[in-house]
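Colleague: This is a predicted model, with the sequence first.
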Amino acid sequence: QVQLVESGGGLVQAGGSLRLSCAASGGTFRRYSMGWFRQAPEKEREGVVSISGSGDITYYADSVKGRFTISRDNAKNTVYLQMNSLKFEDTAVYYCAADPTYYRLPSGPDYWGQGTQVTVSS
């Protein structure tokens with residue numbers, strides 16, 4: 001079993017930045033691709049970004065490309081999401097996820113974190 005714990009959410013003005021962290025435990029971290037999903041009120045959950053186990057391949061949804069950056073530190077069992085130029089529409093609960101897949105997480109990854117709220121004020 002893999003446990004995921006997110007941190008770093010909060011309230012930020014439009015145009016600002018936040019960095020989310022997700023600490024993993026209970027598994028061999030490098031064997032899992034990691035990613036972030038988000039869910040806004042009354043909207044479906046969407047996959048935002050993901051990264052392969054070695055960190056050499058990444059995926060970004062068009063809505064965040066050029067603004068968000070995913071990275072991982074396998075020595076610290078942690079994945080990060082740097083979010084820049086935040087927009088009001090980025091407001092959502094962000095969930096860290098893990099799955100033993102190639103790099104892009106499926107819609108239903110094996111493991112989820114509890115979520116962290118990101119609120120962008122316009």
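Modeller: That came in fine, so what should we check first? Residues are numbered from 1 along each chain as shown.
Colleague: Quick check: bridge partners of the residue most central in space within the chain?
Modeller: Centroid check for the chain by C-alpha atoms, centre = their mean gives Trp36 as the closest residue, at 2.4 Å. Counting by DSSP bridges, Trp36 forms beta bridges with Val49, Cys96.
Colleague: which residues does it contact?
Modeller: Leu20, Cys22, Gly47, Val48, Val49, Ser50, Ile70, Leu81, Tyr94, Tyr95, Cys96, Ala97 (C-beta atoms under 8 Å, 6 or more residues apart in numbering). To be clear about C-beta, it is placed using only N, CA and C from the backbone, and glycine gets the same treatment.
Colleague: Quick check: of those residues, which lies closest to Gln117?
Modeller: Tyr94 (7.8 Å; C-beta to C-beta).
Colleague: contact partners of the helix or strand harbouring the closest one?
Modeller: Using DSSP states H and E, Tyr94 sits within strand 92-99. For strand 92-99, the external contacting residues (C-beta under 8 Å, 6+ apart) are 2, 4-6, 9, 20, 22, 24, 27, 32-40, 43, 45, 48, 79, 81, 105-106, 109-118.
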